Structure formats: C-alpha cells, structure tokens
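> The amino acid sequence is not available; the structure is as follows:
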C-alpha cells in the first residue's frame, strides 16, 4: 500500500515530520522505498542531474513521463509525485493534458507545479478532475531566468505575497506546498497557518517535511552544492575509485580471472575446433 494524501495530512496533525527525496530511475526508487522514504519526487531537476542541462527549463513532458514511469516501477510504498515541466501548465487545458500523461502513462499518484495565486485556478481545475496537486513556492526553478537563484520572501511585501500565495494554493485544493529558499521564520509562520503540510528545501526545520535532491544528498553531483543541502555520503568519490580500480585491473590483467568465467572440457573444445577446421578446408 502506497503512502496517501491522507497519510501525509495525518503526519502533520500528529506533528510527525517526514522526508521526501527526488528519484529519477528504477534503482533509486527501489533504494528509497526500502529506506522507508514516504514521498518520492520525480523532479524536473533531472534536467540538470540526469540530462546535463544548466536549468530545468529544457525538460519536456516526454522526459518527465519516461523517468516517472521508472520510479513508479521501482517503488511500492512511497507516493510518487511528478513535476509538471516548464510551460506545460500555461493554461488549464495544457495542465490537464500534461497531468493526464504523468498519471496514466507513468502512473504517478500526484503532480507538482510552481507558482501561487496565479496558478490557483489551474490547481483547482486539476483537483476537481481528481488529480492530486502539490504546490511549490519561494524559489521556483522554472522561473530562474526571471527571479534569479536567491532566497525569496525577505521583504515585508514579498513575505505577505508568499503567505497569500500559500493560502491560495491550499484553498484551491493543493494537498501540500513545497517552500524552497524561504527565510526560516517565514516558512515556520506559513506552516503554522496552513492546514496542509509544507515541505521545505532551504526553508529551515519549521516545515512539516523536508525534500532533498538525490544526487546532492549522496555526493553524486559536484556542480551543485547549495548551503541548504547536506551530503550524507560521498558516493561519487567511491564510484570514481571503483571505476579506476576496474580499469587498472583490466589493463594489468588482474580482471577477469578464472573465477569470473566458465570453461568447457578440453576434449570438447578440440572436437569443436577439429570439426570447424575440417569444414573450412
């Protein structure tokens, strides 16, 4: 049984904090599921950590469906949330089409989109059609060229707008709201005012949950090392060392050995060679 919206709501009511992590493929999903992570986000951050783009903007709905399907197949207990990519929800009709693809073709249980009051009518439309929606406020990566990579909501006006946007998303039916790069005290205040859970990334411990990017958390992606992230392992270094060791053993003849293969009886090989040699003479 997968984690449900009701499960997440009950966690907030009990004051039980929860973790969410991004996942982009089958193996990652299996590992996260085994670790008991209740929420997996197939983020459009795959554009950077999987596809090599500098931002999330080039990511397409085809990209999202492909990766989300892998994550769904690799998980059994976690709720899988798929990002709606750049401009795929420019209007309600496009949003419905994109969300339908993620839910029907990939099998996700919910979708996530960026923005506040401006996208609230789209959120309402999706929710009315039975599509669970997670909101995303603060730093919104799809708007990076417009707002820059920086903390959002520091001024009085910006803080008020963020609180209004969070309320608009909740009123429209969003079941949770991600708060990214938001002042910690503001995120805590928003969390206290909302009935739905907040999930922080660079927003402090006052949120109901936390989300981190898989490749950053595990030390697999050196290009992005934000202050708000914590590296729980240095797997990139371990992988590089393992690959160097493999290449060295191949060059030096240390791999493969007899233990890494199978053989056949000498007389059978001789008979096979004789038959082949005879057929070619």
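That came in fine, so what should we check first? Source: prediction; values computed, not measured.

> can you pull out the strands in the chain?
Applying DSSP state E to the chain gives strands spanning 18-22, 39-42, 79-83, 110-112, 133-138, 176-180, 198-201, 209-212.

> Compare these and give me the one nearest residue 169.
Minimum separation from residue 169 across the strands of the chain (Cβ to Cβ) falls at strand 133-138, 3.8 Å. In this view, the C-beta of every residue, glycine as well, is placed from N, C-alpha and C.

> Give me the helix or strand of the chain that scores worst on average pLDDT.
helix 144-147 (a mean of 67; mean pLDDT, DSSP states H and E).

> follow-up on the earlier one: okay, the strands of the chain, which one's buried deepest?
Comparing the strands of the chain by mean neighbour count (mean count of other Cβ atoms under 10 Å), strand 39-42 ranks first with a mean of 30.

> pLDDT on that strand, on average?
Strand 39-42 shows a mean pLDDT of 98.

> per-residue confidence for residue 276?
Note on residue 276: pLDDT of 78.

> right, I mislabeled it, should have said residue 223
Reported pLDDT for residue 223: 72.

> I'd assumed residue 52 was in contact with it.
No: using Cβ atoms under 8 Å, residue 223 is not in contact with residue 52, being 9.6 Å away.

> Let me see the contact set for the residue nearest to residue 190 when sequence neighbours are not counted.
Residue nearest to residue 190 in three dimensions, not counting chain neighbours: residue 166, with 5.0 Å by Cβ to Cβ, 6 or more residues apart in numbering. The contact partners of residue 166, taken as Cβ atoms under 8 Å, 6 or more residues apart in numbering, are 116, 135, 137, 177, 179, 190, 193, 194, 198.

> please redo it, this time with the cut-off set to 10 Å
Going by Cβ atoms under 10 Å, 6 or more residues apart in numbering, residue 166 touches 116-117, 135, 137-138, 174, 177, 179, 182, 186-187, 189-191, 193-194, 196, 198.
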